[in-house]
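> Sequence and computational prediction follow.
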Amino acid sequence: MGAGRNGGRAARRHPTCRRHARVSHLESPEPRPCVRAGAPRRAGSSARLAARALCERDSLAQLSIRSRGSDRRGRRPGGGLRRRIGARRRVVPSHWREPVGPAARQYSLRTVGERVRHSGIRAVTRRVRVLQVVHKLDYGGLERLVGAIVRLLPAERFESHILTLSDFGRFAEGLAAHAQLHQHRSVPHLSMLWPRGLIRTIRALAPDAVHTHSGVWYKASLAARRAGVRRLVHTDHGRPYPDSLKDRLLDGLAARRTDVIVAVSDALRRQMAETLVPRPSRIRVVVNGIDTRRFQPRAVNGSLRGELGLPVGAPVIGSIGRLDPIKGYDVMLQAFALLRARWRVEEGAAPTLLLVGDGPERARLAALIEREGLCDATRLVGWREDVEQVYPVFDVFSLSSWSEGTSLGLLEAMSCGVCPVVTAVGGSPAALGEHLQHRLVPPGDPAALADAWRDALTDDRRRAGDATMARRRVEQAFGVEAMVREYARIYSEEL
């Protein structure tokens, strides 16, 4: 045996021995996995290493390559440790990850193995892998926003994944064509202390960026950091005011390990800066956006009115969203009972209330409708996928929420040319703009809400003008394309 050109012992040659990295685009005949020199391979190490961006490493000339014929510690049958290339130990994942974007380098493979003679290989730009983490994919504003992001992110630049920490939900069916869906379930309370299974799942997916959403921030951020994810983004879609002590504690801890915190309204940004985030400069405002081509004014579908059980000629007050306590639907029902009691015959047919959505409050709301004697005038129809057809049926769209971020239901209704009447909470005043502030009511006040409905329904001319103004407002400030561009910029920063 003679000395190698780097001063070590020459490797024993064998007709079937090809020492090379596992690089798919080199078209090597039988790629072998790459491991750390002089150390045993451990389960999960490949996934853990894949979370690192390749641009952190110097070059392939400094990598230690495991070749055919060596044992797990890198020893050859007749000799000691195999020769390491370069002065320092280097690690590469067993599945190749090309460098990201402008950080990509030129890699020469001339020193990798005797039979691999490639040099001057041009840098390959790979897509940024983004993992969205949500609790469940049901029909709600949060889930619709996640769906818009994965549908509209440029496929040539981003690879989208969605991880649910519960059931997939009904909204998942429409997303499978745009993102890879994953599911992880864990022990609810124990996993908050140490989400071991979630850490393994994220390591296996090896994302470049993890984007968490309301409801999973603490657990998902802890798991992402333990898994070695470089970029952690969180979007807060709305929070009660004031925050509970538990939320302030857990979300405050999560905020300290999050790179970028997105608030969907300026009011929400101010609330989080005051109570949660020690460095408010990390909070950015990215307002929600909607597809104004899908949600646009259109003629009322008469057959749809019949399908929904709406009386002919009766004005319709409607709301679409998740039936959740924070939405204050019990206040809406109390206000509707007051409106019906005060409605005069000369004002025309009495209004009908149409609630579209589902959630934990549905059974309680159904009982409240019966107790208030509103069964003949209220329709509780569950989720519908054709909501863009339902909005034009409304004469007034209403929210009675106790708290809001920036309601997608409100933006969709305004985009469809429906007059809004909503509570003055969260991002709703900013969504309406300066010309529609008279359509705001204080939260928790059924009488004020009933009076606002009456004003809108009895003044057709002003209601139509406000509907036109609402459409114009959404076109100017709440397009979905601008929202997705901002998220794409956030994902790509510092990668």
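On my side now, so go ahead.

> Could you list the low-pLDDT ranges of this protein?
1-124, 189-190, 495 (pLDDT under 70).

> So which residues of it form strands?
128-134, 158-164, 180-183, 209-213, 231-236, 260-263, 283-285, 316-320, 352-356, 378-380, 396-399, 419-423, 440-441 (DSSP state E).

> by contact count, what packs against the first one?
Think strand 128-134. helix 141-152, strand 158-164, helix 196-205, strand 209-213, helix 480-492 (3 or more C-beta pairs under 8 Å, 6 or more residues apart in numbering; DSSP states H and E). (Glycine included, C-beta is placed from N, CA and C.)

> Can you list the strands that the second one pairs with?
In its sheet, strand 158-164 lies beside strand 128-134 (parallel), strand 180-183 (parallel), with partners assigned from DSSP bridges.

> Select, out of the strands of the chain, the one closest to residue 408.
Among the strands of the chain, the nearest to residue 408 by C-beta to C-beta is strand 316-320 (9.2 Å).

> Tell me how this protein divides into domains.
Domain assignment for the chain, taken from automatic domain parsing, gives 16-126, 128-289+481-492, 302-478.

> Adding distance to residue 459 and mean neighbour count, write the helices and strands packed on strand 128-134 out as CSV.
CSV is the format used below for the helices and strands packed on strand 128-134 (distance: least, C-beta to C-beta, whole Å; neighbours: other C-beta atoms under 10 Å):
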stretch, distance to residue 459, mean neighbour count
helix 141-152, 30, 22
strand 158-164, 45, 22
helix 196-205, 54, 20
strand 209-213, 40, 26
helix 480-492, 32, 18
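
> on that earlier part again, can you add distance to residue 295 and give the domains of the chain back as TSV?
Listed next are those as TSV, based on distance: least, C-beta to C-beta, whole Å:
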stretch	distance to residue 295
domain 16-126	34
domain 128-289+481-492	11
domain 302-478	4
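
> coming back round to it: let me know which of the strands paired with strand 158-164 is tucked in deepest.
Of those, the one with the most neighbours on average (mean count of other C-beta atoms under 10 Å) is strand 128-134, at a mean of 25.

> ok, the closest residue to residue 457 other than its chain neighbours - how many residues close by?
With sequence-adjacent residues excluded and distances taken as C-beta to C-beta, 6 or more residues apart in numbering, residue 457 is closest to residue 315, at 5.0 Å. Other residues within reach of residue 315 by the criterion other C-beta atoms under 10 Å amount to 22.

> and residue 315, what does it touch?
Residue 315 is in contact with 348, 349, 351, 352, 395, 396, 457, counting by C-beta atoms under 8 Å, 6 or more residues apart in numbering.

> That one and residue 399, how far apart?
18 Å (C-beta to C-beta, to the nearest Å).

> Confirm for me that residue 481 is in contact with residue 290.
No - the criterion here is C-beta atoms under 8 Å, and residue 481 misses it with residue 290 at 10.4 Å.

> picking up where we left off before, can I get the strands paired with strand 158-164 in CSV including distance to residue 465?
Compiled in CSV, the strands paired with strand 158-164 are given as follows (distance: least, C-beta to C-beta, whole Å):
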stretch, distance to residue 465
strand 128-134, 39
strand 180-183, 44
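
> Name the residues of the top helix by length along the chain that are buried.
In the chain, with assignment by DSSP state H, the single longest helix is helix 460-477. Residues of helix 460-477 classed as buried by neighbour count (16 or more other C-beta atoms under 10 Å): 463, 466, 467, 469, 470, 471, 473, 474.

> just to revisit the earlier point, which stretch among the helices and strands packed on strand 128-134 approaches residue 376 most closely?
helix 141-152 (30.1 Å).

> Quick check: residue 407 touching residue 428?
Yes - judged on C-beta under 8 Å, residue 407 makes contact with residue 428 at a distance of 6.4 Å.

> Overlap in contacts, the two.
In contact with both residue 407 and residue 428: 399, 401, 422, using C-beta under 8 Å, 6+ apart.

> Among these, which one sits closest to residue 373?
residue 399 (23.7 Å).

> Please tell me how far the closest one sits from residue 138.
19 Å.

> Pick out the residue nearest the middle of the chain.
Closest to where the C-alpha atoms of the chain average out (C-alpha atoms, centre = their mean) is residue 146, at 4.0 Å.

> In this structure it contacts residue 161, no?
No - in this structure residue 146 lies outside contact range of residue 161 using C-beta under 8 Å: 11.3 Å.

> quick one, what contacts residue 192?
Counting by C-beta under 8 Å, 6+ apart, residue 192 has contacts 218, 219, 250.

> What's the separation between the nearest residue to the second one once chain neighbours are set aside and residue 473?
Nearest in space to residue 219, with sequence neighbours left out and distances taken as C-beta to C-beta, 6+ apart, is residue 195 at 5.2 Å. Spatial separation of residue 195 from residue 473 under the definition C-beta to C-beta is 42 Å.

> same check, this time on residue 203
Taking C-beta to C-beta, one finds residue 203 at 45 Å from residue 473.

> ditto for residue 314
28 Å.

> related to what we said a few turns ago, for residue 223, which of the helices and strands packed on strand 128-134 is the nearest?
helix 196-205 (4.0 Å).

> Which neighbouring elements make contact with the closest one?
helix 45-50, strand 128-134, strand 158-164, helix 217-226.

> Those: which one's closest to residue 329?
Nearest of those (C-beta to C-beta): strand 128-134, 23.0 Å.

> Just the residues contacting that closest one, thanks.
Taking C-beta under 8 Å, 6+ apart as the rule, strand 128-134 contacts 100-101, 142-143, 146, 149-150, 153, 157-165, 179, 202, 205-213, 215-216, 220, 224, 491-492, 495.

> Could you do stretch 324-335 as well?
Contacts for stretch 324-335 (C-beta under 8 Å, 6+ apart): 238, 240, 319, 321, 323, 353, 355, 359-361, 364-365, 368-369, 372, 374, 378, 398-403, 423, 443-447, 449-450, 453.

> How about stretch 351-358?
Here stretch 351-358 has contacts from 138-139, 308, 310-311, 314-323, 329, 332-333, 336, 339-340, 343, 365, 374, 377-384, 387, 390, 393-395, 453, 457, using C-beta under 8 Å, 6+ apart.

> Could I get the full set of helices for the stretch 251-400 of the chain?
Shown for the stretch 251-400 of the chain, the helices assigned by DSSP state H, counting those that start in this stretch span residues 266-275, 302-307, 329-342, 362-371, 387-390.

> right, so those helices: which one is the most enclosed?
helix 329-342 (a mean of 20).

> Give me the distance from that one to the chain's centre.
35 Å (C-alpha atoms, centre = their mean, to the nearest Å).

> just stretch 481-491 next, same as before
12 Å.

> And stretch 352-368, by the same measure?
26 Å.

> contacting residues around residue 214?
By C-beta under 8 Å, 6+ apart, the neighbours of residue 214 are 142, 235, 236, 237, 238, 239.

> Tell me which residues touch the residue nearest to the second one when sequence neighbours are not counted, please.
The spatially closest residue to residue 235, leaving aside those adjacent along the chain, is residue 262, at 4.2 Å (C-beta to C-beta, 6+ apart). By C-beta under 8 Å, 6+ apart, residue 262 lies in contact with 233, 234, 235, 236, 283, 284, 285, 286, 487, 490.

> Could you report the distance from residue 300 to residue 393?
Residue 300 is 6 Å from residue 393, by C-beta to C-beta.
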